[in-house]
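Participant: Would you be able to build a 3D model of this:
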Amino acid sequence: MSSFIDKIDRNHAQTAADTRIASSNWGVWQPAQCSVRLLSLLFLIAGSAFAGVTDFQSLQSIKQTASDFLEQQQALLGNTEHVSIEIGQLDARLRLSNCNESLNAFLPPGSKVVGRVSVGVSCSGPKPWTLYVPAQVKNYTKVLIAKRTMGRGTLIDANNVKVQLLDIGSLAYGHLSTSAEAIGKRLKRPIRAGSVILPNQLEAIRQVKRGERVQILASTGGVQIQVKGKALANGALGETISVRNLSSKRVIDATVIGPGKVEVQL
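Facilitator: Below you'll find the predicted structure:
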């Protein structure tokens, strides 16, 4: 009887020891296994998010491509000193495939390179796309403007005009760049102070009339020659007209240099 009881006690002790060992092993292994699974899941989520970001083309890279292209266009025209380029906003919801090649930029046929422009940016990769980027290009240059209000028929001189830097993209009807282009000419219509003086607003004053006698001046080797001639056309200051030399009867081209005077380059 005593031996039977001792056997039961030994079995009970062994069962308790086995339970403690199993519990101990479970406490060590189970958290480690959970940690590995959790880290794997986190890496999977992070990798998916990263892939989602890189699968789309950066809008900033598209805008930069358009800006660089417009700068190159202005440089080709020699417009680098007073140029302002502003790229418009793009829709933040755009989802264009990430291009694995360099982006290409171009201007649609017939486009201007100043004022409001639209620059095409395209990708020719496996998933091609094209996007048109709005931009504003301002090219400031010297423009002749009126210093004061002047009426029709006013003779332009250095006291009533001045040169100012303006954006030529806003000048649809042309402009003058120097006062020399206007001085000595007459206004065909009134103009307000601060207004741009347009080429078609001026008319040249006739210095020579067709059919009248003129003095022909010519210089060669430091010697000036003067002969009589007859104007075959009307001429304003600086214009070239046909004149007949009354001595030789030859018809020559001469530049009007003043009232009744023309000059020949020998």
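
Participant: Helices of the stretch 1-150 of the chain, start to end?
Facilitator: For the stretch 1-150 of the chain, the helices defined by DSSP state H, counting those that start in this stretch occupy 2-54, 59-76.

Participant: Out of those, name the one with the poorest average pLDDT.
Facilitator: Mean pLDDT across the helices of the stretch 1-150 of the chain is lowest at helix 2-54; the value there is a mean of 47.

Participant: any idea how the chain splits into domains?
Facilitator: For the chain, automatic domain parsing gives the domain ranges 79-139, 140-204, 206-265.

Participant: got the residue ranges for the strands in the stretch 51-200 of the chain?
Facilitator: Using DSSP state E, counting those that start in this stretch, the strands of the stretch 51-200 of the chain run over residues 83-87, 104-106, 115-123, 129-146, 161-167, 185-187.

Participant: hang on, the earlier thing: which one of the domains of the chain lies nearest to Lys63?
Facilitator: Lys63 lies closest, by Cβ to Cβ, to one member of the domains of the chain: domain 79-139, at 4.7 Å. C-betas here are computed from N, CA, C, even on glycine.

Participant: quick one on the thing from earlier: export the strands of the stretch 51-200 of the chain as TSV, with columns for distance to Gln215.
Facilitator: Converted to TSV, the strands of the stretch 51-200 of the chain look like this (distance: least, Cβ to Cβ, whole Å):
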stretch	distance to Gln215
strand 83-87	48
strand 104-106	58
strand 115-123	48
strand 129-146	32
strand 161-167	30
strand 185-187	23
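
Participant: Kindly reformat those strands as TSV containing mean neighbour count and mean pLDDT.
Facilitator: Shown next, in TSV, are those (neighbours: other Cβ atoms under 10 Å; pLDDT from 0 to 100):
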stretch	mean neighbour count	mean pLDDT
strand 83-87	16	91
strand 104-106	15	96
strand 115-123	18	93
strand 129-146	18	93
strand 161-167	15	91
strand 185-187	18	91
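
Participant: Which one of these lies nearest to Gly153?
Facilitator: The nearest among the strands of the stretch 51-200 of the chain, by Cβ to Cβ, is strand 185-187 at 5.9 Å.

Participant: Now the element after the closest one, going C-ward?
Facilitator: As assigned by DSSP states H and E, the chain's next helix or strand after strand 185-187 is strand 202-204.

Participant: Let me see the contact set for Glu71.
Facilitator: Going by Cβ atoms under 8 Å, 6 or more residues apart in numbering, Glu71 touches 83, 85.

Participant: 10 Å - rerun?
Facilitator: Neighbouring residues of Glu71 by Cβ atoms under 10 Å, 6 or more residues apart in numbering: 79-80, 83, 85, 137.

Participant: Noted, bye for now.
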